[in-house]
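> Following is a predicted model, sequence given first.
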Amino acid sequence: MSKPLSVTVLDNGPLKVSGDEIRLRYCGEPIAVEAGKDVYLCRCGGSADPPFCDGTHNTQGFVAEPPAGASKELRVWEGRNIRTTFNPNACMHVFYCKPLKELRQRGLDGDDHAAAEIARVVMSCPSGALSYEAKAVSAPAVDQDADIDVMEGGEVRIQCAFQINTDLLAHQDGDRATLCRCGLSKNKPWCDGRHKKRADFR
């Protein structure tokens with residue numbers, strides 16, 4: 001992609017995604033997007049044409065309250081070759097980070113390969129709640145099949161360089177984020193995992 005995607009959070013409305021080329025996937029299936037055409041993704045959770053907006057937010061009175069704010073402190077872990085930072089305010093609780101406890105202990109015990117594995121796990125965090133600073137580790141290569149991955153019954157995952165018309169959360173790097181599309185998040189436009197409370201949500 002020649003330049004970052006542009007994501008515009010419309011007031012009490014959808015997400016407008018603009019770019020020269022948008023690689024979009026919904027429920028695991030690629031969706032063709034005409035080059036240079038804007039995409040409007042539902043974030044009220046009521047569209048009859050998911051993941052796209054169909055104007056339902058206008059009839060159901062969708063109101064996107066401002067973010068709750070940073071209520072929890074950042075957590076920093078210091079290893080021999082790598083430092084990780086966790087922002088719980090950005091976490092959407094998909095638990096890709098479970099291997100970190102064992103990997104961190106391996107690193108402290110002298111395993112020189114643990115830092116690279118820690119970096120790989122950190123980069124698998126879709127929300128960007130985890131980040132790292134390497135002391136002697138190369139950034140892992142990340143090959144994504146989609147720039148925007150709309151998860152079945154879940155969030156909008158941005159997996160490429162992007163710009164957005166709202167402040168990024170602490171330690172977000174502008175190349176990973178998860179955005180709410182169920183309408184329930186208390187931290188809009190960011191996902192906080194509350195879509196799990198909607199059994200009917202696709």
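Sure thing, it's come through.
> Need the residues that contact stretch 161-174.
Outside of stretch 161-174, the residues within contact range by Cβ atoms under 8 Å, 6 or more residues apart in numbering are 1, 4-9, 70, 74, 85, 87, 89-90, 128-129, 131, 175, 177, 189-190. In this view, the C-beta of every residue, glycine as well, is placed from N, C-alpha and C.
> Would you mind identifying the helix or strand in the protein with the lowest mean pLDDT?
One helix or strand of the chain scores below all others by mean pLDDT, DSSP states H and E: strand 130-134, with a mean of 92.
> mind listing what that strand pairs with, with the direction of each?
strand 82-86 (antiparallel) (DSSP bridges).
> tell me the mean pLDDT for the strand it pairs with?
When pLDDT is averaged over strand 82-86, the result is 95.
> buried set for it?
Neighbour-count burial for strand 82-86, counted by 16 or more other Cβ atoms under 10 Å, picks out 82, 84-86.
> How about stretch 188-202?
Residues of stretch 188-202 classed as buried by neighbour count (16+ other Cβ under 10 Å): 188-195, 201.
> How about the contacts made by Ala35?
20-21.
> Tell me how many other residues crowd Ser18.
14 (other Cβ atoms under 10 Å).
> how far away is it from Asp147?
Using Cβ to Cβ, to the nearest Å, we find Ser18 at a distance of 12 Å from Asp147.
> same question, Ala134
In terms of Cβ to Cβ, Ala134 sits 25 Å off from Asp147.
> ok, those two, which is more surrounded?
Counted by other Cβ under 10 Å, Ala134 and Asp147 do not tie: Asp147 has more neighbours, with 22 against 16.
> May I ask you to confirm that that one is in contact with Pro4?
No - applying Cβ atoms under 8 Å as the test, Asp147 and Pro4 come out as separate, 9.8 Å apart.
> Overlap in contacts, these two.
In contact with both Asp147 and Pro4: 19, 160, using Cβ under 8 Å, 6+ apart.
> I'd like the secondary structure assignment at Arg106, please.
State at Arg106, reduced to three classes by DSSP: H, G, I helix; E, B strand; the rest coil: helix.
> quick one: contacts for it?
Ala114.
> packing partners for the helix or strand hosting Val122?
Element membership for Val122 (DSSP states H and E) is helix 114-123. Applying 3 or more Cβ pairs under 8 Å, 6 or more residues apart in numbering; DSSP states H and E, we find helix 114-123 packed against strand 82-86, helix 100-108, strand 130-134.
> Could you export the ones you listed as TSV, including distance to Phe52?
Listed next are the helices and strands packed on helix 114-123 as TSV, based on distance: least, Cβ to Cβ, whole Å:
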stretch	distance to Phe52
strand 82-86	33
helix 100-108	36
strand 130-134	30
